[in-house]
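K.L.:
build me a structure from this.
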Amino acid sequence: RTARGGGEGAAGMEGKGAVAAGLVGFLGMGLDRVRLLPLPEKLSAKALRSHVRGHGSREARERWWRWTLFLWVVGWTLICLQIFHYFDSGAVEKRRESLASMCDERARMLQDQFNVSMNHLQALAILVNTFHHSLNPSAITQATFARYAERTAFERPLTSGVAYAVRVTHAERDQFERQQGWSIKKMYSSPNSQGPGDAAVAEIRGPADEYAPVIFAQDAYKNVISFDMLSGADDRENIIRARESGKGVLTAPFQLLNGRLGVILTYSVYKSEPPADARLQERVQAAIGYLGGIFDIEALVDKLLHQLAGKQSIMVNVYDTTNDKPISMYGSDDTGSGMFHNSTLNFGDPSRRHEMHCRFMQKPPLPWLAITYSLGAYVIALLIGHIFYATVHRIAKVEDDLQIMKKLKKCAEAADVAKSQFLATVSHEIRTPMNGVLGMLQMLMDTDLDTTQQDYVRTAQASGKALVSLINEVLDQAKIESGKLELEAVPFDLRLVCDDILSLFCGKAQEKGLELAVYVSDQVPQTLIGDPGRMRQIITNLMGNSIKFTERGHIYLTVHVVEEVMSCLEVETEFQNTNNTYNTLSGYKVANRRHSWQSFQLFNTDLHSAEMPFAPILPETIRLIISVEDTGVGIPPEAQSRIFMPFMQVGPSIARIHGGTGIGLSISKCLVHLMKGEIGYVSIPNVGSTFSFTAVLTKARSNANANKSPGFKGINALVVDHKPVRAKVTKYHLQRLGVKTELTTDVNQVIPKMNCASLVTRLVLVDKETWMKESHSMPHLLSKLRSKDQSDPPKLFLLENPTNSIKSSSNISREHNLNVIMKPLRASMLQASLRRALGGVDKVHGKNGVVGNSALGSLLHKRQIIVVDDNVVNLKVAAGALKKYGAEVICADSGKKAIALLKPPHSFDACFMDIQMPEMDG
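P.N.:
Numbers count the residues shown, from 1 in each chain. Here you go, the predicted model:
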């Protein structure tokens, strides 16, 4: 009497159904009492110490990680400063290289142009030597020299003027002056004057060892003609150094007539070119004149910078650094501050040094690359530090939460054990009085009651069974939610289970005029290993819903092997034009059952694929697919998504009209999942619904003919039914008994089929609907069958539907002497009907196939039986049931009293005991 599903936990049952509210509230109130139990003081103190230690370690970790984060930030600050310095130094160095490149480029260009001018001055010196000194008379005059100098000025871009002075000794002065027509003048007229002055008013040059008067000059400088170049200190020094070195010699910077600074490049002209190793005195004696070129440094540098104006502008200064104090030859005196570069200038005079100083005119731009890289690295470092710190902090929090969860888990496990014990006790305590109520009601039914009293007792009995069923469902839901529902693995016959389910709903189907039928494929083994109770529960839930929501038509239960439906199963819903009906069990349209399993993962993969869900690993494993088809009202589309949710129904009026708690499908889905299967459905409003589920079971070794009665061996039967689906169901039940069966849909083919059969047909089964359809030809058929020359004519059976009138069936069977078999067909009922018609006696089945009372009476008569139960009502029920069959019963209300009564020697033949009792249990 232990409650099925009792003794297990039920998490989250509160508030899941109006029907179960009272029971669930009672269970929840008991759980609250369990949770209010105080913990022992010793355990609380230990937990407190553990909490204090954990709190201290957590503070130490937090402090350590804060210091780590601080050092991380400081370290990366220094690193980012180094990154900034590195990139900024690179930018500065690149800027310095750019400045050096531009400055060197300008210095090189100035130097190259100066060298070009020097080469042309040397060429002019050679020209003067050739055409003036080597020819007599001279081929060069002042006008020729001036015109030539002007025409070739483009070849000397840096020179602003040229002049030629001849060497004249003191002895040659008078003759020279007479030839030239002017006197040699002194270079400076007064000590304060700068430049040669005016030749008209210049002083006559005093006596000297030698002179160097200018005889040819460019027109811009022809005022220097007749001036003695040796009379100026700087010019004299330049001439002396030029003839001694044989190279071009530069003067110090001086102010030209135009007010700008310039220098003079002086070349010595020799009578004949002295050898490279000539002595100084030889060079002096060979000198016959001096050619000078005037360079306007400021104009030259301006011109050069103007050519480079397209490039980045820089500030340029040119200096003569021969003396300790540099002399500025070009540029402003305000040099400013910042980056600068010095480029050396080589103008061919080793005795003088020149430099070009360059600096940028604009301020340097901000080092955006350095700023971006350093700030980017700093931000990334801060983000990484934050992420790392947050991760560590999260890990620490998770560890703390883990410790808390472990403590809560222990409390929850203790509460779960207490809840399971509470549920077991509650289920037992609820079932015990309910079993007593149902038992006493059954005993009351065996007494003499009038019709009203019997109706009251039946109503009370139905209400009690409904309450027991509700308790079973609630406890099953509790076990499912706690994960403690387990399946059995015992051998069972699925065909007998289906027959029992049809018997259970036979009365309700007849009340509504529905046709029930079951068909199990031949490929399904006779004996399987699994949980028959849970399989019965799933199918019963589906069949019960179909009965509840179907008002006309049929309910059809089918069982097939998965491989069978994947390959060749046909859905018999084709329209027949003859009478506007469908090829179904009742002729009504049904939902295509294939749509009920099209979402199964099993059907969307290869049957032998390794990825197939719940793939069998043993050869004896088998997959079944079970379908329940009805022609009911269907499920509205808006409610189809929630039909498998516990305590959910299609609408609020469903519970009032049809009853139920709304957890049957939820429990069925969980049970199917435990059987490694899937469940699905297809529903069309006002057409019907089809629910299908798969299950993985194990084949059992059994004899296929074990349940076939040997009395039907060799018997042939002919089934006449114009509906192939219904005829197939009849054939299935006959073949279970070992009857070889033929089918025909046409009454006119009965006689030809019987004549063509190799064996004699002894049974002819005609469906009542087919009889009524062919009523005009049925009497003629009966006369032919019974007029045949046979000693034993075939037995005729009328298959009666619950929708047909019983009175009309009685008239037909009495008029034509037919045997009537009432549907739904089941093996036991069909076997008894056939045995009675064939003249045999069914030794196993009595009336309605139920074991008779005489067997139990002979078994229990005068037997001494002791019944042990702590519940007085159950004692009365058990004692009354046993006394009904003649047993002598003694009752005991505790285990200790039973032990005392059973102390040897005793005269008892059997003992019925309760499992859960106080003091001493079963």
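K.L.:
mind listing what's buried in stretch 400-416?
P.N.:
415-416 (16 or more other Cβ atoms under 10 Å). Placement of C-beta: from N, CA and C, glycine included.
K.L.:
tell me the helix or strand right after the helix or strand that contains A370.
P.N.:
Following DSSP states H and E, one finds A370 within helix 368-445. Per DSSP H and E, the first helix or strand lying C-terminal to helix 368-445 is helix 451-481.
K.L.:
low-confidence ranges in the stretch 51-200 of the chain?
P.N.:
For the stretch 51-200 of the chain, residues meeting the criterion pLDDT under 70 lie at 51-57, 188-200.
K.L.:
could you give the angle of the helix holding A370 to helix 451-481?
P.N.:
Angle, helix 368-445 to helix 451-481, by axes from the mean of the first three to the mean of the last three Cα atoms, to 10 degrees: 150 degrees.
K.L.:
so which residues of the stretch 451-600 of the chain form strands?
P.N.:
490-492, 515-520, 528-530, 554-561, 575-576, 581-582 (DSSP state E, counting those that start in this stretch).
K.L.:
among those, which is nearest F388?
P.N.:
Among the strands of the stretch 451-600 of the chain, the nearest to F388 by Cβ to Cβ is strand 528-530 (55.4 Å).
K.L.:
what strands line up against that closest one, and which way round?
P.N.:
Note on strand 528-530: by DSSP bridges, its sheet partners are strand 490-492 (antiparallel), strand 688-699 (antiparallel).
K.L.:
contacts for that strand?
P.N.:
487-494, 622, 675, 695, 697-700 (Cβ atoms under 8 Å, 6 or more residues apart in numbering).
K.L.:
repeat that for 10 Å
P.N.:
487-495, 497, 535, 620-622, 624, 675, 695-700, 702 (Cβ atoms under 10 Å, 6 or more residues apart in numbering).
K.L.:
so which of the strands of the stretch 451-600 of the chain comes closest to A171?
P.N.:
strand 554-561 (147.2 Å).
K.L.:
buried residues of the closest one, list them for me.
P.N.:
Judged by neighbour count using 16+ other Cβ under 10 Å, the buried positions of strand 554-561 are 554-561.
K.L.:
ok, stretch 103-122 next?
P.N.:
Buried, per 16+ other Cβ under 10 Å, within stretch 103-122: 103, 106-107, 110-111, 113-114, 117-118, 120-121.
K.L.:
I'd like those residues laid out as JSON lines, including distance to A837.
P.N.:
Listed next are these as JSON lines, based on distance: Cβ to Cβ, whole Å:
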{"residue": "C103", "distance to A837": "130"}
{"residue": "R106", "distance to A837": "132"}
{"residue": "A107", "distance to A837": "134"}
{"residue": "L110", "distance to A837": "137"}
{"residue": "Q111", "distance to A837": "138"}
{"residue": "Q113", "distance to A837": "139"}
{"residue": "F114", "distance to A837": "142"}
{"residue": "S117", "distance to A837": "145"}
{"residue": "M118", "distance to A837": "147"}
{"residue": "H120", "distance to A837": "147"}
{"residue": "L121", "distance to A837": "151"}
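K.L.:
nearest to P433, of those residues?
P.N.:
Nearest to P433 among the buried residues of stretch 103-122: C103, at 113.7 Å, using Cβ to Cβ.
K.L.:
my guess is the closest one meets V318, correct?
P.N.:
No - with contacts counted by Cβ atoms under 10 Å, C103 stays clear of V318, the gap being 11.2 Å.
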